[in-house]
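Chemist: here is my input; please provide its structure:
(2 chains)
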Amino acid sequence: MVVKTKSNRNVKRFWARAFAGFALAAAGMASGAWEHGGARRGISSADDRGAGFRFVAYWDGANIPGGRFERPIGIAVAPSGDVYITDSRKRVLHLNRRGRFLGGWGREGRGPGDFEIPMGIAVAPDRSVYVSDYELDRVQKFTADGRFLLAFGKSGSGPGEFDAPAGLAVDAAGYVCVADFYNDRTEKFNSVDAFQKVIGKPGRLGEGALHYPTGVSILPGGGLLVADAYNYELQWFTASGQPRGRRGYHLFWLWPRPTSSDGGFNTPTGVAAGSNGGIYVADGGNHRVVMLSPDRKFMAAWKIPNAASGVDSPEQVAASPDGTTVYATDLAANRIIVLKVVDRAGLASTRGKN
Amino acid sequence: MNATKLVNHRWLAAVLAAGIAMLGINAPRASGQIVEAKVVATGMACPFCAYGVEKWLGRVHGVTDVTVDLKTDTANLRFAKGASLDAKAIHRAVTKAGFTMGAVTVTAVGFLTEENGSLVLTVRGAKQKFLLTSPENEKALTKLLKEEAAIQVTGKVQARQQGLARLALAHYAVVK
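Modeler: Prediction:
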């Protein structure tokens, strides 16, 4: 007969934790993950608010046949949880949720299916994959395994044209929204390439005015969230394109300014709305990933340790379908950052405007 | 045509091709060319902006390749054979990309000539001339002028003078 004492419960707890730690580390190593400085990062500093990030791993793409990640920039998560990434090797990479390579496609060129500067990436509910090309001013649509389907857009500033298309997102109905960087706007298309409308307008002041937007995301309610990078803010729009507020630091409540405080951002280039209502921001100039509640309050931030100076990173961010994992591209360090969302009723307890 | 004649024609073609290729190799030395330019775009930290600089500089006539180094705020440009350095177009491209252009440092191969008492690097292949400003190297350059030697120079592009782009010489070497 075994007598349950406090001490042997502690021993069991110790071995259970050790086993869990070992399993986590093994999963990380199997996926080509590695860790900065040899230590896992803890929960981000704001976990007293009920939510935070826990560092999981860095992926460097060591297991990818065509070579490790080289300046990864675009990132998206499919409904299945698979992760898609664009990098400067002119390719799209398809990984599973543990970072294991599943496939990829792309080559340099200007023909159908080719890339010059593949930038933003998004996965539609039907699993088709959209990729923007910053150099060629077009968006291409592929099947989940990389078969070219169609392309739309050309250089210009007219309806349906682009000047450096960056981040993109697909809503539940299949509409595609694209951040049109040098035209200071976003554009909406249907799934067969037909232009629908322009959302946002060039400007520095007020709601709806965009200045070099780089990222977009669809809110759970169908609205559009824009990473308005050089107005140093996020902007909310309805599905029909009406402005619905913004978040960032504004000098005298008017002039957008960069900040490293919790009240704003310094060049937020990527944004992702999680299914749990959480909003995740790639705040490149501050080298951090920020978590906001559905009602736009600062919840937590995870800062890249020893970030490369002179290069803004992370660039883009994506959330898993269940909202528990956040992935961010770290172009400066040629890697993907994987964070776990720790949510002790933090996000769920907040009321959303989305 | 019999087999022997065919072989002879092939030899002749091969010799001609080799000769043309050798002429091609010597062409840059003989006529000079713009080798590369380093363009500073101040404050470039965001990769979206860097790719924008790459995009717009890549569209400047004669530029064949652009690489951007975010850590030094610099874009490195390579040029097609025979292309000239269009400083105004480069300035327009950097401005269009959303940046203020800093120094432009060019490396070019050419011959020294003298115009109105000033030393001028003539890049015949690019149909371009640079007025060289380098008081400390004037004696050595004057000697090279007499020798009609081809030289490779690197220097910062400055405001135009006497209708020519001025180049503040930082480094030069005789091309052999």
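Chemist: quick one: the helices in the chain, in order.
Modeler: Chain wasn't specified; assuming chain A. A:6-30 (DSSP state H).
Chemist: my bad, the chain I had in mind was chain B
Modeler: B:3-31, B:47-57, B:87-96, B:138-147.
Chemist: for the stretch 251-354 of chain A, what lies in contact range of chain B?
Modeler: A:267, A:269, A:284-285, A:308-313, A:315, A:331-332 (C-beta under 8 Å from any C-beta of the partner chain). Yep, even glycine has a C-beta here, placed from its N, CA and C like the rest.
Chemist: the nearest residue in space to residue A:193 that is not next to it in sequence bridge partners, please.
Modeler: Of all residues not flanking residue A:193 in the chain, residue A:152 sits nearest, at 3.6 Å (C-beta to C-beta, 6 or more residues apart in numbering or on different chains). With DSSP bridges as the criterion, residue A:152 is bridged to residue A:139.
Chemist: list the contacts for residue A:152?
Modeler: A:138-139, A:160, A:189, A:193, A:195 (C-beta atoms under 8 Å, 6 or more residues apart in numbering or on different chains).
Chemist: for the most centrally placed residue in chain B, give the beta-bridge partners.
Modeler: Nearest to the geometric centre of chain B sits residue B:34, at 1.2 Å (C-alpha atoms, centre = their mean). Bridge pairing for residue B:34 (DSSP bridges) gives the partners residue B:108.
Chemist: so what's it scoring on pLDDT?
Modeler: Listed pLDDT for residue B:34 reads 93.
Chemist: which one of the residues of the stretch 251-354 of chain A next to chain B is nearest residue A:100?
Modeler: The closest of these to residue A:100 turns out to be residue A:331 (C-beta to C-beta; 21.8 Å).
Chemist: if we can go back for a sec, comparing the helices of chain B by mean pLDDT, which bottoms out?
Modeler: Of all these, helix B:3-31 has the smallest average pLDDT, which comes to a mean of 51.
Chemist: list the residues that contact residue B:67.
Modeler: Counting by C-beta under 8 Å, 6+ apart, residue B:67 has contacts B:54, B:75-76.
Chemist: the same query, at a cut-off of 6 Å, please.
Modeler: By C-beta atoms under 6 Å, 6 or more residues apart in numbering or on different chains, residue B:67 lies in contact with residue B:76.
Chemist: ok, residue A:144 - contacts?
Modeler: Contact analysis of residue A:144 by C-beta under 6 Å, 6+ apart lists residue A:127.
Chemist: can you do 8 Å?
Modeler: Per C-beta under 8 Å, 6+ apart, neighbours of residue A:144: A:78, A:94, A:123, A:127-129.
Chemist: what pLDDT, on average, does stretch A:62-81 get?
Modeler: pLDDT averaged over stretch A:62-81 gives 95.
Chemist: buried residues of it, list them for me.
Modeler: A:64, A:68-69, A:71-78 (16 or more other C-beta atoms under 10 Å in any protein chain shown).
Chemist: then stretch A:83-97?
Modeler: Applying 16+ other C-beta under 10 Å to stretch A:83-97 flags A:83-95, A:97 as buried.
Chemist: circling back: mind picking the lowest-pLDDT entry from the contacts of residue A:152?
Modeler: residue A:193 (73).
Chemist: count of residues packed around it?
Modeler: The number of residues packed around residue A:193, counting by other C-beta atoms under 10 Å in any protein chain shown, is 16.
Chemist: give me phi/psi at it?
Modeler: phi 80, psi 0 (degrees, to the nearest 10).
Chemist: contacting residues for the nearest residue to residue A:142 once chain neighbours are set aside?
Modeler: Nearest residue to residue A:142, sequence neighbours excluded (C-beta to C-beta, 6+ apart): residue A:129, at 4.7 Å. Shown here is residue A:129, whose contacts under the criterion C-beta under 8 Å, 6+ apart are A:76, A:78, A:84, A:92, A:121-123, A:141-144, A:146.
Chemist: closest to chain B among these?
Modeler: Chain B lies nearest to residue A:121 out of the contacts of residue A:129, by C-beta to the nearest C-beta, at 14.4 Å.
Chemist: now the residue nearest to residue A:142: how far from chain B?
Modeler: Distance of residue A:129 to chain B, given as C-beta to the nearest C-beta, to the nearest Å: 20 Å.
Chemist: what are the bridge partners for residue A:283, then?
Modeler: residue A:268, residue A:288.
Chemist: list the contacts of the closest residue to chain B within the stretch 151-300 of chain A.
Modeler: For the stretch 151-300 of chain A and chain B, the shortest gap (C-beta to the nearest C-beta) falls at residue A:214, measuring 5.1 Å. Applying C-beta under 8 Å, 6+ apart to residue A:214 gives the contacts A:166-167, A:179, A:181, A:227, A:229, A:269-270, A:315, B:48.
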